[in-house]
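Trainee: my questions concern the predicted model and sequence given below.
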Amino acid sequence: MDISLKNVEYRYQVDTPFERLAIKDVSIEIPEGTFLAIIGHTGSGKSTVLQHLNALLKPTGGEVVIGDRVITADKKQKNLKEVRQKVGIVFQFPEHQLFEETVEKDICFGPMNFGVSEQVAKKRAREAISLVGLGEEILSKSPFDLSGGQMRRVAIAGVLAMNPDVIVLDEPTAGLDPRGRKEIMDMFYSLHKHKNLSTILVTHSMEDASRYADKIVIMQKGQVYKTGTPIEIFSNPEELIEMGLDVPEVVKFQQRLEKAFQRKFSKTCLTIEEMTEEVSSFLKRGDSR
Ligand SMILES: Nc1ncnc2c1ncn2[C@@H]1O[C@H](COP(=O)(O)OP(=O)(O)OP(=O)(O)O)[C@@H](O)[C@H]1O
């Protein structure tokens, strides 16, 4: 399912003294099967954009196209439930939304709320729990007896059990240790690859944006500042640093080497493997000078 935002504007608390323009003139194309990362400073509008992707927010200007639905400020919208089922959102700290007595009931809650039978919901719960790397024995436990990392996986399983076509992630690894972060991100990447799940990731981690995304959008002051592939975005690290944004460690390392040797590498490296190759040919070239 394709999603696109066309010149979207959103104002919070319209017609009140607290009215605030949060995003304006935002255009983003997300073809089916894309892994898109949205980066930018706090307050740049990332979460506001994200909530338009499953019609939790309706634009106050422009239009949002989700599959065959067109959502604008004026149009009366029916059956947004269908859109919300197809586009699943994993909010920050999703485990805070667990509330049922058992993991199984918690995971089944969403699908049953959308009219799926109990039997089918239970089947989906078993599939979803395995997709997030947990064993079926956990289904009968109370979510509140689990570790933080397990709770997070259970909450994600609840979103997956809705069988979404698109998954939207708002800093899904916030508060996890480095190993937990990598496990969760690898899991989303594998779902994206094997189930062709379009994935939209809002993140402060440039490492994750460069490692997993096909396309990156930089938001600044409520607008899209730049869109490109990870190579296009990170091949000019000075621009990002000037904006006060970080760049991946491997890019910083390349910058330092280039400065120390007063020579440019033939390309920007985004992984340790690429960097190793580039450094060895760089040193060989150095030898033959
Ligand atoms: N409920 C709200 N009412 C009024 N203004 C809001 C509301 N939510 C967000 N804003 C404002 O909209 C702008 C964009 O906020 P948004 O949360 O989309 O940014 P963000 O890039 O996701 O930030 P963060 O990285 O901190 O999550 C900010 O100026 C923010 O103060």
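Mentor: Cool, got the structure.
Trainee: who are the packing partners of the strand or helix carrying Glu274?
Mentor: Glu274 is part of helix 272-287, with elements assigned from DSSP states H and E. For helix 272-287, the contact count by 3 or more CB pairs under 8 Å, 6 or more residues apart in numbering; DSSP states H and E identifies helix 249-261 as packing neighbours. Yep, even glycine has a C-beta here, placed from its N, CA and C like the rest.
Trainee: now for the helix it packs on, which elements pack on it?
Mentor: Contact partners of helix 249-261 among helices and strands, from 3+ CB pairs under 8 Å, 6+ apart: helix 237-242, helix 272-287.
Trainee: distance from stretch 250-269 to the middle of the chain?
Mentor: Relative to its chain's centre, stretch 250-269 lies at 29 Å (CA atoms, centre = their mean, to the nearest Å).
Trainee: tell me the contacts of Met1?
Mentor: Taking CB atoms under 8 Å, 6 or more residues apart in numbering as the criterion, Met1 is in contact with 32, 66-67, 86-87, 165-166, 198.
Trainee: could you pull out the strands in the stretch 51-200 of the chain for me?
Mentor: If you assign secondary structure with DSSP state E, counting those that start in this stretch, the strands in the stretch 51-200 of the chain sit at 61-66, 69-72, 87-90, 166-170, 198-202.
Trainee: right, and those - which one's nearest the ligand?
Mentor: The ligand lies closest to strand 198-202 among the strands of the stretch 51-200 of the chain, at 6.6 Å (CB to the nearest ligand atom).
Trainee: what are the contacting residues of the helix or strand following the closest one?
Mentor: Note on strand 198-202: by DSSP H and E, the next helix or strand toward the C-terminus is helix 206-212. Contacts to helix 206-212, defined as CB under 8 Å, 6+ apart, come from residues 35, 37, 39, 173, 181, 185, 188-189, 192, 199, 201, 203, 216, 230, 233-234, 245-249, 251, 270-271.
Trainee: partners of the helix or strand following helix 206-212 in the sheet?
Mentor: Beyond helix 206-212 on the C-terminal side, the first helix or strand identified by DSSP H and E is strand 215-220. In its sheet, strand 215-220 lies beside strand 35-40 (parallel), strand 223-228 (antiparallel), with partners assigned from DSSP bridges.
Trainee: check these for me and report the most buried one.
Mentor: With neighbours defined by mean count of other CB atoms under 10 Å, none of the strands paired with strand 215-220 is more surrounded on average than strand 35-40, at a mean of 24.
Trainee: that one: how far from the chain's middle?
Mentor: For strand 35-40, the gap between its own C-alpha mean and the chain's C-alpha mean amounts to 6 Å (CA atoms, centre = their mean).
Trainee: same thing with stretch 67-86?
Mentor: The mean C-alpha position of stretch 67-86 is separated from the chain mean by 21 Å, CA atoms, centre = their mean.
Trainee: what residues are up against Ser117?
Mentor: So, once contact is read as CB under 8 Å, 6+ apart, Ser117 ends up touching nothing.
Trainee: per-residue confidence for it?
Mentor: Ser117 carries a pLDDT score of 94 in this model.
Trainee: and if you look at Pro59?
Mentor: Listed pLDDT for Pro59 reads 96.
Trainee: quick one: it and Asp74 touch, right?
Mentor: No - using CB atoms under 8 Å, Pro59 makes no contact with Asp74, being 10.2 Å away.
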